[in-house]
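*Asks:* Quick one, structure for this:
(chains A, B, C and D)
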2 protein chains.
Amino acid sequence: MKVSELAKAAGVTAETVRHYTREGLLAPTRDPSNGYHCFDGQDLERLAFIQRARTLGFSIKEVRDILAHADHGDSPCPLVRDLLAQRLPEIRERIQELEALAARMEEALNAWADMPDGIPDGHSLCRLIESLPAPSTDQADATSAKEEA
Amino acid sequence: MKVSELAKAAGVTAETVRHYTREGLLAPTRDPSNGYHCFDGQDLERLAFIQRARTLGFSIKEVRDILAHADHGDSPCPLVRDLLAQRLPEIRERIQELEALAARMEEALNAWADMPDGIPDGHSLCRLIESLPAPSTDQADATSAKEEA
DNA sequence: TAAAACCTTTGGGTTACACAAAGGTCAAGC
DNA sequence: GCTTGACCTTTGTGTAACCCAAAGGTTTTA
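*Replies:* Predicted structure coming up:
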């Protein structure tokens, strides 16, 4: 199988297959005549395995470690179990953060229903945002300031 | 105020202040004698504003746009309201995804209670992971495969 | 006056790919 | 036989919001 054939069979993009290959999760042979990557059924199974692991929230690095254990003949199960047990509370915390964020957003939208648009006057940039509680200037408080897209 | 003075006053790192300056959210003057950045009380207010905006989930780019509106004399309020209304359902969706992830992780941990560690045998890498539902190979399904740390 | 503490800019690292460029390969039709 | 289009290769860039290190100038302090 060539890159896009494997990709199609697994339902991912060819770029993803190349990425996993670059990262060492897949180790295809080469067709000596043209330098193309060659994948077989085992690679397809391996890719399906990677996808399942990803749905459990494992990072590429973690999956690489898991595969390395297995390739080395060791059971990766204890590692997987540990990672999972460790990650679960982190995910829960993340959910709490996002719920708090959603609550703040909702509150803000509601509060705004009663507030007129303000023209910036050098003191006020946007009343809505300025009406929020002041971010703590406490060094020790870093629990609420992490966000992404 | 110098960089770390402003940083301390606002409860962020000096690196963050420099980052916002590089990104154009803050526009300090320069001390001609040594080239140091000089911030004043307005900059501190502005930084507090940025922090509040960040707690609402706005990206640096969005904050820059909001500030640009205000600096230009236009009310950023409608923009802020739109961004907020648009982002809220996205956050909700993200929460659902993470809850589904947490559920999968829990299910996996529970299922494992009844499963022995397997030694990789060339067919099975990790029974737990392989016992998961197969990731859909359907191109049109991209709803569950997005994750981060 | 020398070290400690802080400033500057530049550049690299983090995640999991997506995308573009430049150039070789291959199957199909004319 | 040749063009065309689809696919392959590697390399490098971009994404978000910083963190950290290096190299070198400045200011403060002991």
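*Asks:* got a list of what the spatially closest residue to residue A:23 that is not a sequence neighbour touches?
*Replies:* Sequence neighbours aside, residue A:60 is the residue nearest to residue A:23 in space, at 5.6 Å (criterion: C-beta to C-beta, 6 or more residues apart in numbering or on different chains). Any C-beta I mention is one placed from the backbone N, CA and C, and that applies to glycine too. Residues in contact with residue A:60 (C-beta atoms under 8 Å, 6 or more residues apart in numbering or on different chains) are A:20, A:23, A:25.
*Asks:* before we move on, what about residue A:4?
*Replies:* Residues near residue A:4 by C-beta under 8 Å, 6+ apart: A:14, A:17.
*Asks:* do the helix or strand where it lies and DNA strand D meet at all?
*Replies:* Counting by DSSP states H and E, the element that carries residue A:4 is helix A:3-10. Yes: under the criterion of C-beta under 7 Å from any atom of the strand, DNA strand D is reached by helix A:3-10 at A:3-5.
*Asks:* Okay, and the residue lying farthest from the centre of chain A sits in which element?
*Replies:* Largest separation from the mean C-alpha position in chain A: residue A:121, at 41.4 Å (C-alpha atoms, centre = their mean). Under the criterion DSSP H and E, no helix or strand holds residue A:121.
*Asks:* And it, how close does it get to DNA strand D?
*Replies:* Counting by C-beta to the nearest atom of the strand, to the nearest Å, the gap from residue A:121 to DNA strand D is 26 Å.
*Asks:* Could you check how far that residue is from residue B:73?
*Replies:* 9 Å (C-beta to C-beta, to the nearest Å).
*Asks:* and what of residue A:132?
*Replies:* 23 Å.
*Asks:* swap in residue A:133?
*Replies:* 27 Å.
*Asks:* Tell me which residues touch residue A:25, please.
*Replies:* By C-beta under 8 Å, 6+ apart, the residues touching residue A:25 are A:46, A:50, A:60, A:63-64, A:67.
*Asks:* Could you check how far stretch A:73-81 is from the centre of its chain?
*Replies:* 22 Å (C-alpha atoms, centre = their mean, to the nearest Å).
*Asks:* Actually, stretch A:11-23.
*Replies:* Here stretch A:11-23 is found 16 Å from its chain centre; the criterion is C-alpha atoms, centre = their mean.
*Asks:* Residues contacting it, please?
*Replies:* Looking at what lies outside stretch A:11-23 - C-beta under 8 Å, 6+ apart - the contacts are A:3-4, A:6-7, A:10, A:26-28, A:37, A:39, A:47, A:50-51, A:60, A:64, B:135-139, B:141.
*Asks:* For residue A:9, which non-adjacent residue is spatially closest?
*Replies:* Nearest to residue A:9 is residue A:44, by C-beta to C-beta, 6+ apart, at 5.7 Å.
*Asks:* what's the neighbour count on that neighbour?
*Replies:* Neighbourhood size, residue A:44 [other C-beta atoms under 10 Å in any protein chain shown]: 16.
*Asks:* ok, back up a step: could you provide the residues of helix A:3-10 next to DNA strand D in TSV, with additional columns for pLDDT and distance to residue B:93?
*Replies:* Output for those, formatted as TSV (pLDDT from 0 to 100; distance: C-beta to C-beta, whole Å):
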residue	pLDDT	distance to residue B:93
A:3	97	32
A:4	97	30
A:5	97	33
